[in-house]
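K.L.:
Here's my sequence, what's the structure:
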Amino acid sequence: MNEEEPKLARRHANKHSKIKSGRTIGERRERLETKSERLAARAKVKKRQNLRIVITVISFLVIIGAIIFFAVRFVKQREANEADTAPTVVVKTYKPTIEIIDENQAGSLTSRMSEYIGQAESDFKDVGLTPVKAAIPAGSIREVDFYLDGVSGFIKTTIDRGTAVTVEDAERMLRYLAGQGVSEFTYIDVRIDGKAYWK
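P.N.:
Numbering: from 1, shown residues only. This is a model prediction of the structure:
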C-alpha cells in the first residue's frame, strides 16, 4: 500500500488563515522595551513611592500638630480656670503703733525693721501680751528690744528670726519664769533659735 505524502499548502492560500504556516506560535512576542523606557518606568514608580512617603509624613505632622495644639489649648484653659477660682492672696504689711526709741545717733530705723516691729507687735497681741514700746539699742542695727505691759524686764529680739517663733519663745519663757516664782528680771533674750536666756 502506497501512502501519499501530504501536500503543503501554499503560502498565499494561508493569507486569510488564523494559523500562519511556517511560523512558530511564539513569534508574536511583545515588543522589547528599550533601556531608556525601563529607566523612565522605574523613575515613575519611584516618584509615586516618594509622593506616598511625602503625603504620609505630612499627614503624620498634621496629626502631631493638631494633638499639640489641642493639648496646649487644654492646659491654657485649665490654667485660666484655676486662676479664676484661685483665692486672691493679699500680702499684709505691718505698721507699728507703739513708741519706737532709736538709741543710735545716725538713726538706724529701716523699713524692714519698722515692719518687723509692727509684725511682732501683732504677734504679741495674738498671745495675750501688749507691747508698749520698742527700742533699738545703741550700736545695733539688727536687735530690737520690746517692753511689754505688766512685765518688769524687756524682751531682746533680732530681725533675723521670724516674729512668730520669737514671740512664741518669749511667751514660753515668761510662763516658765512665772512657774518658778520669778516676777522681776532685767531681760529675756530670745535671739538664738531654740534657746532663751534671762537675767
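K.L.:
Residue 35 and residue 44, how far apart?
P.N.:
Distance, residue 35 to residue 44, by CB to CB, to the nearest Å: 15 Å. All C-beta atoms are positioned from the backbone trio N, CA, C, and that covers glycine.
K.L.:
more neighbours, those two?
P.N.:
residue 44 (10 against 7; other CB atoms under 10 Å).
K.L.:
Run a quick neighbour tally on residue 194.
P.N.:
7.
K.L.:
Please disregard the earlier target; I meant residue 170.
P.N.:
25.
K.L.:
State the helix or strand in which it lies.
P.N.:
Using DSSP states H and E, the element containing residue 170 is helix 163-179.
K.L.:
Can you list the residue ranges for helices in this structure?
P.N.:
Here the chain has its helices, by DSSP state H, at 35-85, 111-126, 163-179.
K.L.:
Just put those in CSV and tack on distance to residue 157.
P.N.:
Formatted as CSV, the helices of the chain follow (distance: least, CB to CB, whole Å):
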stretch, distance to residue 157
helix 35-85, 39
helix 111-126, 7
helix 163-179, 5
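K.L.:
Please render these as JSON lines that adds distance to residue 93 and mean pLDDT to the earlier fields.
P.N.:
JSON lines is the format used below for the helices of the chain (distance: least, CB to CB, whole Å; pLDDT from 0 to 100):
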{"stretch": "helix 35-85", "distance to residue 93": "24", "mean pLDDT": "87"}
{"stretch": "helix 111-126", "distance to residue 93": "7", "mean pLDDT": "90"}
{"stretch": "helix 163-179", "distance to residue 93": "13", "mean pLDDT": "91"}
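K.L.:
Of those helices, which is nearest residue 192?
P.N.:
With CB to CB as the criterion, residue 192 lies closest to helix 163-179 of those, at 9.2 Å.
K.L.:
Give me the contacts around the closest one.
P.N.:
116, 119-120, 122-124, 126-127, 129, 146, 151, 155, 157-158, 183, 185, 188, 190, 193, 196, 198 (CB atoms under 8 Å, 6 or more residues apart in numbering).
K.L.:
Could you find the closest non-adjacent residue to residue 146?
P.N.:
Closest residue in space to residue 146, ignoring its immediate chain neighbours: residue 155 at 4.5 Å, by CB to CB, 6 or more residues apart in numbering.
K.L.:
Figure out which of the helices of the chain is closest to residue 102.
P.N.:
Nearest of the helices of the chain (CB to CB): helix 111-126, 9.3 Å.
K.L.:
got the contact list for that closest one?
P.N.:
So helix 111-126 is contacted by 93-98, 100, 130-131, 134, 136, 141, 144, 146, 148, 157, 159, 163-164, 166-167, 170 (CB under 8 Å, 6+ apart).
K.L.:
Only whichever of those residues are buried, select them in PyMOL.
P.N.:
The buried residues among the contacts of helix 111-126 can be selected in PyMOL (16 or more other CB atoms under 10 Å) with this line:
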select buried, resi 94+96+98+131+134+136+144+146+148+157+159+163+166+167+170
